[in-house]
Structures are given as C-alpha cells and as structure tokens.
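>>> Need coordinates for the following:
(2 chains)
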2 protein chains.
Amino acid sequence: MTNLTEMGKKAEAAKLLLQKLSADEKNRGLKKAAEALVQNTNKILDENKKDTDNAINHGMNEGLLDRLRLNPERIQAMAEGLMQIAKLPECIGEVMEEFERPNGLKIRKIRVPLGVIGIIYEARPNVTADAFGLCFKTGNAVILKGGSDALYSNLAIVEVIRDALADCGFPQDAIQLIADTDRQVTIEFMKLKQYVDVLIPRGSAGLIQSVVDNSTIPVIETGTGNCHIYVDKAADLDMAAKIVYNAKTQRIGVCNACESLVIHSAVRERFLPKLAEILAPKNVELRGDERVQEILTDCIPATEEDYGREYLDYILSLKTVDSTEEAIAHINKYNTGHSECIVTEDEETAVKFLNETDAACVYWNASTRFTDGFEFGFGAEIGISTQKLHARGPMGLKELTSYKYTIYGNGQIRG
Amino acid sequence: MTNLTEMGKKAEAAKLLLQKLSADEKNRGLKKAAEALVQNTNKILDENKKDTDNAINHGMNEGLLDRLRLNPERIQAMAEGLMQIAKLPECIGEVMEEFERPNGLKIRKIRVPLGVIGIIYEARPNVTADAFGLCFKTGNAVILKGGSDALYSNLAIVEVIRDALADCGFPQDAIQLIADTDRQVTIEFMKLKQYVDVLIPRGSAGLIQSVVDNSTIPVIETGTGNCHIYVDKAADLDMAAKIVYNAKTQRIGVCNACESLVIHSAVRERFLPKLAEILAPKNVELRGDERVQEILTDCIPATEEDYGREYLDYILSLKTVDSTEEAIAHINKYNTGHSECIVTEDEETAVKFLNETDAACVYWNASTRFTDGFEFGFGAEIGISTQKLHARGPMGLKELTSYKYTIYGNGQIRG
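Below is the predicted model of the structure:
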C-alpha cells in the first residue's frame, strides 16, 4: 500500500532543494536524464513489453496500444524532448514587477516554482519523461500517477531518471511515481492538499471530471476540446474548406481538432457541396440540421447531443445560423472553452467574433490545430488549459510557476 | 427554495453583456450604485436593524455584531469605496503580449474578465458592496452568498444596486444574492461549476475549509495567516521590538497580524525582556519554548499546537532557534503561506530568508501588516490569496481577470 503522506513529505523536502538549483544545474540534470534514458533503452523496452503483453491479453484496442508501446525511436524522442527543455530560457527568479511605495517599502514580484505538482494521466509512458522535464526545469517536484496499463514502463523510466538525478547530486524525489493500481489510492492522492500545490489531469473527459469532483487540491483542467469553425457569409469559401479539412482530418484524436461546423445560411448552398467534396476522401460522417440536410441530402440528422460532443473521430456536426450573433451564441452554449475559429473577409465581423466568443484561443482565418505550446512558440507544453483560473490555452514553462512578493524595508510599521 | 441553475443562467447572460461595457459605462454604473446606496440609507438601516435585532436575540458576540452593524457613516464608506474603484484604471482589453510566428500567425494575449465569480462570506454587509464593485469594474458577474445573519441587510444593498444598474440600462444580474439560509444550498452553490468560473471564500478558516472540501469550482483560498517574525542574531533589536509590537497589536483580528515570534538564541537574553516590556501595556499573552521560559519566567509553555495557530488575539507564540536555516524550516513547517518577516542588519542572511521562506509576502525589516491591496498600491483588494495558483498575496483588480488568445491568420493550416 502506497504511503501518500510519506511521498508528500519527500516531495516537500525535494521542492526546497530544487528551488535552490541554478539554471545550469537544472539543465545538467535534464541532459543527464536524457542520456540515461537512451543508455537504458533495453531495460525500458523490456518493462514496456510486460505492459503491452498484459494490454494485448486484456484486449486493449490498437489506438491505445499504440500510445502505450515504446521502441528505440520513441525513447530517443523522449530524450530529445528533455534536451529541448534544457535549451529553453530560465524563468525562475525573474523579477516580474518592481515598485516603491510612498513609505519607502520596495516591493518585488518574483517568479517562483509552484512547489509540488501532481499529474494524473493515462497509459502514455512518454508523458512520464515529458512531465518530469517541464516540472524539473521550473524547479517543481512532481508526483506522477500514470495509467495502470503503463505501470512497468513508468517504473522503469522513473527509476532511470531518479538514478540520473542522484548521479548529479540532485534530489531523487524531484520525481516520484505512485506505483499503485488501486483506484482508491488515486482518489486519496487528489486530497493530498497539504503537500501538493496543483493537480493537472491529462487525458479523457472522464478522467478530468473525476479529478474535478474529488480533488481538494487546486486543479488545472486540460484538453477537452469541442472546437467550432464558423463559416461567415463573407468567407473566402475555398479558404474555409481547406481550414475545415485541416482542422477536422489532419489528426482526429486531438483536443484542437474541429468537431463542429457553424455555417451562415447565406452561403450554405455554395459551401456545403464544396465541403462534402473535400471531406469525401476521408469518409467524414456529417451530422447536420434540417437546412444542412436540404443541401446535403445524405447528411445524418444532428441531435442536440451532437452539438455538445467531442467526437475525436471522422465525424462533424453542422449547424446553420442566420447571423454572427447566432453563431457566437451557439458556440458559447456548446463549446468547452478551447479553440474556436471564424472564416471571414469582413474585419468588423471578425473582431466581433474574436471579442465575444468565450474560449482560450479564438482564430480568424486559421486552423484550430495551432492551439499547441510548440506552435505558439513556447518551446514546451504541459497541456491546454480550458479553465480561466491561472492559465488559459497552451501551458508552457511559465504556466508552471507562481510568484512571491519580497518586500524591503528599514523599520516600517503600519500606522 | 433557491433555483441555483436559474441564477447561473442569469449570471451567464449578464456576463456576456458586461464584457461589452466600456470603461466609462462601468464607471457610470459604479457611481450610480454609490449614489443609490447613500440615497437609500434609511431603507438599508431599517433592514440592517432586523439583522442586528435577530443577532442580539441569538446572543451574537460584540465583535461579530460590530461587523454586522451599519450606520450612515458606514454606508457612506461603502459608497466611497465604489467611487474609489471607479477611479482605478481600466485593465480589461489590455494587450498583455503580442507576437508573430514564422508561419505569419499573429497572436495576441488579451486581458478578459473571469466571467462569473462566486463569493461566500460571513455576516459583513460592507463586503456585499465591495465585492460587487471589484467584480463589476472587471466585467465579471457576481453571485454572492453572505452570512445568514446579514440576510436582510444584504437583500437591501443588492436591491439598491440592482435598481441602480437598471437605471443605467445595465444588466441587473451583474449582482445576484443567494437569499437562502439553508446550508445545503450553499453546498450546492459550490458545485455550480457549469456557470461559475471561480469561487472566493472570505472568512474564517472553517468556512474556507468547507469550500475547499466541497467545491468543484476552482477556488482561490484567502486570508488564513499564521504570520511569523524572525529576529535574527544580527537584528537591530529596537527596530525588531517596534515591528513585533506593530504586527501583533495594531489590529489583532486580521490575517496579516503576527502570531508567532522566532528568535535566534544568541539574542534572546537581550531581546526578550525588551519585547515583554513593549508588549506589557497590551497584555499580550506569551507562550514560549523552554529557552524562552528561561528568560521570561512567567511565560506560558508553548505546545506543538500553539505553533500552528492563528490566534487573532492578544497571544504570541515564541520559538528559539540556533540558525537562520532552522528559523526558515520552522516557518515553512507551520506557516499558512501568508506573510513572514526577518529583522536583521545582515544582507546575506536577509536574502537567504527572502528566497527560501515559502510565503506570498516575505518582509525584510518591516511589519507584516503591510500585506494589503491598498498598502501595495493596488487601489482595491478582494482578499489575500494564500495559494500559489492564479494569484498569490494581495488580490486587486488584475487578479479578478483571465486572458484569451486571439489569433490572426490568412488561411494558415497545420502541416
């Protein structure tokens, strides 16, 4: 039985040491961990085979199995990910603001680590190395709870990284793994508020909901994306078709894929046949309202439930509107606050949409697929926040930090 | 029975309208509300009398009764508070960052309202107007759940403000009050995640704990302060005595008051008698460890529990240490992440303390009583955050905002 309190205490001790490491020291730790992963490729693959064998025996589907399976190239990619993080600029210690008060107090707002970060995720062993890299770079200790199906893989990866940290003289407890497959332990982990400063769930909507319902630790919700593209009456329809094609089909299982098309009634006759044609080679199932069905006669009727769904599949819901206001209202009703797009050549309409659509990322004439820490130039990504507190949209290194005020006086007291 | 879903829907509708109001419009609403509060002084006082009469009948203590009781001056002060908020600079719409990607995408990070803010607080009617002012200025709709003992006062204040908003043609549902004293309704409110973006509890440690335990809405914890002052061996002892006196006694019931003194053993013989002398007129009860008791023979022994307590009273715990490291470790073990102070003339020691003490505000040679939005120059304060997510320390207007990314393309798709 995992002793979570003990793990919390170890993380707390590690966090205090991590906060003192210099940028160079942290980068040395990341490089050492990267080298160690490559050097221990065979060991990691052996353990990964235990997981994949178990998964096959339990009938795991091919999509999930693909995410679980490692090979030398994927381990190399994990190592390269850590090397990339090492190259990113240091942000801890940055003086974010500095001001002086009339009474002579000097106040500095300084960027500091969050402290201890908890990450709950599914059976994707690459997340283990990746999450460590981002947390370590920002001076945070991390406690990981990965999917049970990846337990042997995760244990191996974490052991390799911990050994690498020890070789550098850095605290091994910068990374800890909850090696327990009991669901009750995960629920208890969500209540380890005394030691964990923030909990980030990465995975399905169900996983995230469970964390939101059970956690007493502050949570950052990530990654549920019911993303819309609104094709305005003033849209360049060729551009619109290419953007929808890209956002819907370039990668279907991702949170920034387009799940729903909103179309202005004035262009439905011209646009919908064009859309059906461009999507046909990908066999995208279309589910539309009556006015869509009038044009695309073999379109499946969309239900109310369709408009609220993140398909993560070759399915697209379609909704006809008579104005931009109606489009915005529809999107604000059904979206998950992730990424939304308007295609239009009319600036006034675009500005209205950009201002009034309530989402982390709102696009004008570009694919929703760009909502990504790397595409935004952050050089890293721990997830896409769909909440408004703390961080919104792609989260890079700075989003894994907090701040503190240091105040310099010469005996000031309050009158 | 309160229909929380209905209230949530109304807040959501109001939030969309509020986001479109200009700075001038919002300031006009604040001024109108301020005038209306003063004009309706008699009405508010009549309702407040119902609350105070009930409270007296139920035996409420004088401290709480004082916080509940209104008079013309206090209503005037509420109005002035709103006028002050109207004068603060607008922050919504601020372009926080702007950058262009190699593919030509232009990305803007823009400050936006959080959306709908929930505030749960105790029987202090002035918080009702104050919270409205801060939320309205930042374009947020607010749903208030005040202490049941202030129900009539809060109903009156909220009605006056709603009428003032209607006079301006602004959405009345910018402010709503849960007029239900059933505890179960409050618990349900904490789960109104579909409509409420953030929940801020203001009040006792017990209230805050209940919110943390029950809420599925992201919470900002505020205001529990077990604040320490560390008197180093290199301290100016006269300055230290004045700072401790100020932080302990200037106002005892506040979260930034000093609750615990940590003293370097090398100066305890010189400092403790001086401290006892300066605190004597205030009858501050001292609870110390054995080495404190050796010097102050009538000092009460401190228990482990004492070091973890926020007394909010004329009581001070005292702990002797032999080094700055030990002082920092003691504070990091027992503090609530609020405000901590070192008194020393030694810069190296001070910098170590400022860096390694884990709290929102860390002071060098100044009273912890300055942890306050007004003292920091923010011009307003909704509370002092003791968590690391989103906001830390005094929260002003900017801390009631989020951001969104707007992305400008010309047909970019992801390859």
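>>> tell me how far the ends of stretch A:353-369 are from each other?
18 Å (Cα to Cα, to the nearest Å).
>>> Repeat that for stretch A:257-268.
Stretch A:257-268 end-to-end distance (Cα to Cα) = 22 Å.
>>> Could you check that stretch against chain B for contacts?
No - Stretch A:257-268 does not reach chain B (Cβ under 8 Å from any Cβ of the partner chain); its nearest approach is 10.3 Å. Glycine gets a C-beta too; all of them are placed from N, C-alpha and C.
>>> Show me which residues of the stretch 1-150 of chain A sit near chain B.
Going by Cβ under 8 Å from any Cβ, the residues of the stretch 1-150 of chain A near chain B are A:Leu16, A:Gln19, A:Lys20, A:Phe99, A:Arg101, A:Leu105, A:Ile107, A:Leu114, A:Gly115.
>>> Need those in TSV (columns: secondary structure and distance to A:Glu348).
Shown next, in TSV, are the residues of the stretch 1-150 of chain A next to chain B (DSSP: H, G, I helix; E, B strand; the rest coil; distance: Cβ to Cβ, whole Å):
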residue	secondary structure	distance to A:Glu348
A:Leu16	helix	54
A:Gln19	coil	49
A:Lys20	coil	54
A:Phe99	strand	39
A:Arg101	coil	44
A:Leu105	coil	47
A:Ile107	strand	43
A:Leu114	coil	41
A:Gly115	coil	46
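>>> Could you tell me how many residues sit around A:Phe301?
Rather than Phe, residue A:301 is Pro. 11 (other Cβ atoms under 10 Å in any protein chain shown).
>>> And it, its phi and psi?
Phi and psi for A:Pro301, reported as degrees, to the nearest 10, are phi -60, psi 140.
>>> who are the neighbours in contact with it?
A:Arg287, A:Gly288, A:Asp289, A:Glu290, A:Gln293 (Cβ atoms under 8 Å, 6 or more residues apart in numbering or on different chains).
>>> Show me the beta-bridge partners of it.
According to DSSP bridges, the partner residues bridging A:Pro301 are A:Gly288.
>>> Which residue, neighbours along the chain excluded, lies closest to A:Val292?
A:Leu318 (4.6 Å; Cβ to Cβ, 6 or more residues apart in numbering or on different chains).
>>> picking that back up, now the residues of the stretch 1-150 of chain A next to chain B: which count as buried?
Among the residues of the stretch 1-150 of chain A next to chain B, those scoring as buried are A:Leu16, A:Gln19, A:Leu105, A:Ile107, A:Leu114, A:Gly115 (criterion: 16 or more other Cβ atoms under 10 Å in any protein chain shown).
>>> List the buried residues of stretch A:28-41.
Going by 16+ other Cβ under 10 Å, stretch A:28-41 has these buried residues: A:Arg28, A:Gly29, A:Leu30, A:Lys31, A:Lys32, A:Ala33, A:Ala34, A:Glu35, A:Ala36, A:Leu37, A:Asn40, A:Thr41.
>>> Tell me the one of the buried ones among the residues of the stretch 1-150 of chain A next to chain B nearest chain B?
Distance to chain B across those (Cβ to the nearest Cβ) is lowest for A:Leu114, with 5.1 Å.
>>> Could you tell me the phi and psi values at that closest one?
Per degrees, to the nearest 10, the backbone of A:Leu114 is at phi -70, psi -40.
>>> Could you do the one 5 residues further on as well?
When quoted as degrees, to the nearest 10, the phi and psi of A:Ile119 stand at phi -130, psi 130.
>>> mind checking pLDDT for A:Met1?
The model reports A:Met1 with a pLDDT of 68.
>>> Look up phi and psi at the residue nearest to A:Val292.
phi -130, psi 140.
>>> With A:Pro394 instead?
Torsion angles at A:Pro394 (phi, psi; degrees, to the nearest 10) stand at phi -60, psi 130.
>>> Let's verify the residue nearest to A:Pro171 when sequence neighbours are not counted: helix, strand, or coil?
Nearest non-adjacent residue to A:Pro171, counting by Cβ to Cβ, 6+ apart: A:Ala14, 4.0 Å away. Of the three states, A:Ala14 takes helix under DSSP: H, G, I helix; E, B strand; the rest coil.
>>> right, and A:Ala14 touches A:Ala174 too?
Yes - judged on Cβ atoms under 8 Å, A:Ala14 makes contact with A:Ala174 at a distance of 5.1 Å.
>>> who touches both of these two?
A:Ala141.
>>> which of these two has more neighbours?
A:Ala174 (26 against 23).
>>> what sits against the more buried one?
A:Ala14, A:Leu18, A:Gly29, A:Phe132, A:Cys135, A:Phe136, A:Ala141, A:Val142, A:Leu165.
>>> Show the buried residues in those residues.
For the contacts of A:Ala174, buried by 16+ other Cβ under 10 Å: A:Ala14, A:Leu18, A:Gly29, A:Phe132, A:Cys135, A:Phe136, A:Ala141, A:Val142, A:Leu165.
>>> Bridging across strands, which residues link to the residue nearest to A:Val292?
A:Leu261, A:Gly288.
>>> Surely it and A:Arg291 touch.
No - counting by Cβ under 8 Å, A:Leu318 does not reach A:Arg291; the two are 9.2 Å apart.
>>> ok, those two, which is more surrounded?
Between A:Leu318 and A:Arg291, counted using other Cβ under 10 Å, A:Leu318 has the larger neighbour count: 26 against 17.
>>> quick one: contacts for the more buried one?
So A:Leu318 contacts A:Ser260, A:Leu261, A:Val262, A:Ile263, A:Leu272, A:Leu286, A:Arg287, A:Gly288, A:Asp289, A:Val292, A:Cys299, A:Ala302 (Cβ under 8 Å, 6+ apart).
>>> Could you do A:Val116 as well?
A:Gly8, A:Ala11, A:Glu12, A:Lys15, A:Asn140, A:Ala141, A:Val142, A:Ile143, A:Tyr195, A:Val196, A:Asp197 are the contacts of A:Val116 under Cβ under 8 Å, 6+ apart.
>>> With secondary structure and pLDDT added, can I get those residues in CSV?
Below are the contacts of A:Val116 laid out as CSV (DSSP: H, G, I helix; E, B strand; the rest coil; pLDDT from 0 to 100):
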residue, secondary structure, pLDDT
A:Gly8, helix, 97
A:Ala11, helix, 98
A:Glu12, helix, 95
A:Lys15, helix, 96
A:Asn140, coil, 98
A:Ala141, strand, 98
A:Val142, strand, 98
A:Ile143, strand, 98
A:Tyr195, coil, 96
A:Val196, coil, 97
A:Asp197, coil, 95
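>>> Skipping adjacent residues, who's closest to whichever residue of the stretch 251-400 of chain A sits closest to chain B in space?
Closest contact between the stretch 251-400 of chain A and chain B, by Cβ to the nearest Cβ, is at A:Ala366 (2.8 Å). Nearest residue to A:Ala366, sequence neighbours excluded (Cβ to Cβ, 6+ apart): B:Gly409, at 2.8 Å.
>>> burial of that neighbour, as a residue count?
B:Gly409 has 22 nearby residues by other Cβ under 10 Å.
>>> before we move on, back to that, now the residue of the stretch 251-400 of chain A closest to chain B. Its backbone dihedrals?
In terms of degrees, to the nearest 10, the main-chain angles of A:Ala366 are phi -160, psi 160.
>>> Just the element for the residue in the stretch 101-250 of chain A positioned nearest to chain B, please.
Using Cβ to the nearest Cβ, A:Asn246 is the residue of the stretch 101-250 of chain A that sits closest to chain B, at 3.6 Å. Secondary structure assignment for A:Asn246, by DSSP states H and E: helix A:237-249.
>>> Buried residues in that helix, which are they?
A:Met239, A:Ala240, A:Ala241, A:Lys242, A:Ile243, A:Val244, A:Tyr245, A:Asn246, A:Ala247, A:Lys248, A:Thr249.
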